[in-house]
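> Return a 3D structure for these sequence lines:
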Amino acid sequence: MMDSEAHEKRPPILTSSKQDISPHITNVGEMKHYLCGCCAAFNNVAITFPIQKVLFRQQLYGIKTRDAVLQLRRDGFRNLYRGILPPLMQKTTTLALMFGLYEDLSCLLRKHVSAPEFATRGVAAVLAGTTEAVFTPLERVQTLLQDHKHHDKFTNTYQAFKALRCHGIGEYYRGLVPILFRNGLSNVFFFGLRGPIKEHLPTATTHSAHLVNDFICGGLLGAMLGFLFFPINVVKARIQSQIGGEFQSFPKVFQKIWLERDRKLTNLFRGAHLNYHRSLISWGIINATYEFLLKVI
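Numbering: from 1, shown residues only. Okay, here's the model as predicted:
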């Protein structure tokens, strides 16, 4: 009788255990695109920040790569990773949203909107990019911390945020228009072309081959988009390097930079070659890390 009663009690215990575990597994599955995007961003920023800093100096001052590197050498190693916290916070958050929201919104639109898949995915990409722009203040502070003209005004992220507070909430969102334009269009191209590019690469038969293909796919897309939107980032850097004063429009700032650089397209793209290589590495790392973690989690 005791053995029989013990046998009858076992199923409820096992059922209860499954009920406790299942919601946890479901939650992880629902959040995995966000988590993978976050980890991919962290990996990328930690590796490529010094390259980004050289590029930023070129965008802001229109100087050659050698001069930008010399500036960083004069600043010293102590300042090399100065300003990394904002991009770390920004990139981990925005890339989590970029990948996560894109997947969620794509599914949502497919369920409720009768439109071709490329259209729903395009809209989902634009909406995800627009949502990322909420974190413009982090990109804004990163610009100020990387500009050596502001080294004597504040030494860390908190001080930079505090310095902007007296100018009102709008000051945190300088450069919002070029960021919205850049994020929306680049997301459409990235998510739209990622699959077709990978299909044209040699068929991967091993995990390492898949990793290489994902790196190449992400790198090529990142390099192309980085070059395409380079002038927009030049204008954004100029807009965001200002503290206080008039909010100048995108066309007005672009015209000013165009005149300063002798109306030469080559001068406007100064630093684009470094940006190309940085984007190649960055988006290769991001895409390979994201796809790898997606399979693991």
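
> Not counting sequence-adjacent ones, nearest residue to Gln90?
Among residues not flanking Gln90 along the chain, Leu138 sits closest, at 3.6 Å (C-beta to C-beta, 6 or more residues apart in numbering). Heads up, the C-betas are built off the backbone N, CA and C, glycines and all.

> I figured that neighbour hits Met89, correct?
Yes - if you go by C-beta atoms under 8 Å, Leu138 and Met89 touch, sitting 5.4 Å apart.

> Where in the protein is the helix or strand with the lowest mean pLDDT?
Sorted by mean pLDDT, DSSP states H and E, the helices and strands of the chain end with helix 2-61, the least confident at a mean of 69.

> Tell me how many other residues crowd the residue nearest to Gln90.
As a burial measure, Leu138 scores 21 neighbours (other C-beta atoms under 10 Å).

> Distance check, it against Gln58.
According to C-beta to C-beta, to the nearest Å, Leu138 and Gln58 sit 21 Å apart.

> Gln202 and Leu259: what is the separation?
You called it Gln, but residue 202 is Pro. For Pro202, the distance to Leu259 - C-beta to C-beta - is 48 Å.

> Next: Tyr102.
Noted for Tyr102: a distance of 39 Å to Leu259, by C-beta to C-beta.

> Of those two, which one has the most company?
The neighbour comparison of Tyr102 against Leu259 (other C-beta under 10 Å) goes to Tyr102, with 23 against 9.

> how about whatever helix or strand the more buried one lives in: buried residues?
Assessed by DSSP states H and E, Tyr102 sits inside helix 85-112. By neighbour count with 16 or more other C-beta atoms under 10 Å, helix 85-112 contains the buried residues 85-106, 109.

> what's the answer for stretch 210-230, then?
210-226, 229-230.

> can you check stretch 181-194 too?
Those would be Phe181, Arg182, Asn183, Gly184, Leu185, Ser186, Asn187, Val188, Phe189, Phe190, Phe191, Arg194, for stretch 181-194 by 16+ other C-beta under 10 Å.

> Listing request: residues of the chain with sub-threshold pLDDT.
By pLDDT under 70, the low-scoring segments of the chain are 1-29.
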